[in-house]
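> could you work out the structure for the sequence below:
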Amino acid sequence: MEINDIIYTPRFCSVRIDAIYENIADARKDGYTEPTHYHKDGYTILGKNTSPNHMVFAGAKESK
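A predicted model of the protein is given here:
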């Protein structure tokens with residue numbers, strides 16, 4: 001997973017990745033708290049509300 005990748009998620013359909021985090025805790029600290037229900041290849045994707053009807057998304061490595 002890389003920044004600017006377009007990835008299909010079960011909750012939000014296709015999303016663009018704006019950030020990558022080494023772990024979920026760091027992503028949550030930066031406001032990425034909305035689950036997308038994507039879990040693949042050791043990553044999850046979380047969303048962050050930036051304004052009404054607008055979100056940005058980040059990939060975060062899942063713990064083993």
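> could you measure from the residue nearest to residue 57 when sequence neighbours are not counted over to residue 30?
Distances taken as C-beta to C-beta, 6 or more residues apart in numbering place residue 15 nearest to residue 57, at 4.4 Å, with adjacent residues excluded. Yep, even glycine has a C-beta here, placed from its N, CA and C like the rest. Distance, residue 15 to residue 30, by C-beta to C-beta, to the nearest Å: 16 Å.
> what does residue 55 give?
For residue 55, the distance to residue 30 equals 13 Å [C-beta to C-beta].
> hey, what's in contact with both of those two?
Common neighbours of residue 55 and residue 30 (criterion: C-beta atoms under 8 Å, 6 or more residues apart in numbering): residue 48.
> so which of those two has more stuff around it?
For residue 55 versus residue 30, the count of surrounding residues by other C-beta atoms under 10 Å is larger for residue 55: 16 against 13.
> residues in contact with that one?
12, 15, 34, 47, 48, 49.
> would you mark the buried spots in the helix or strand containing it?
Assessed by DSSP states H and E, residue 55 sits inside strand 54-61. If you call a residue buried by 16 or more other C-beta atoms under 10 Å, then strand 54-61 has these buried ones: 55, 56, 57, 58, 59, 60, 61.
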